[in-house]
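Q: Structure for this input, please:
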Amino acid sequence: MAVKVRIPTPLQRLTQGKEEVEGKVGTIIELVLALDKDYPGIAERISENGKIRRFVNIYLNEEDIRFLSAEATPVKDGDEVSIVPAIAGGAGRRQHEEAG
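A: Next up, the predicted model:
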């Protein structure tokens, strides 16, 4: 049994349109780097200098890895990893004040 990795829509062009791919056990950062071997370019969009980019959220079995061991969080067979890009939006302070 492998690790199931859910790929967000913006990165699916790197995975030939696949919403889910299989990953390898190890740590989160090892998983990301291993994915890059099969899907070149994915690691640079998710990580930088061995760290997960701050605008990328990664969940291990629905738990945010920031509350676990971040990049060093262990991943084992049967785990599910979700990669979720952060989404910014909403009205800025000035827009909010003008609307109110």
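Q: Could you use CA atoms for every contact and neighbour count after this?
A: Noted.
Q: Next up, phi/psi of the most centrally placed residue in the chain, please.
A: When C-alpha atoms, centre = their mean is applied to the chain, the residue found nearest the centroid is Ile83 (2.7 Å). Torsion angles at Ile83 (phi, psi; degrees, to the nearest 10) stand at phi -100, psi 120.
Q: before we move on, what about the one 3 residues further on?
A: Backbone torsions of Ala86, given as degrees, to the nearest 10, read phi -70, psi 140.
Q: show me what contacts it?
A: By C-alpha atoms under 8 Å, 6 or more residues apart in numbering, the residues touching Ala86 are 55-57.
Q: and what of Leu35?
A: Residues in contact with Leu35, defined by C-alpha under 8 Å, 6+ apart, are 23, 42-43.
Q: what about it, is that helix, strand or coil?
A: Following DSSP: H, G, I helix; E, B strand; the rest coil, the label given to Leu35 is helix.
Q: Let's see the pLDDT reported for it.
A: You'll see Leu35 listed with a pLDDT of 97.
Q: ok, it to Glu71 distance?
A: The gap separating Leu35 from Glu71 is 14 Å, by C-alpha to C-alpha, to the nearest Å.
Q: and Gly17, that's in a strand?
A: No: applying three-state DSSP, one finds Gly17 to be coil, outside a strand.
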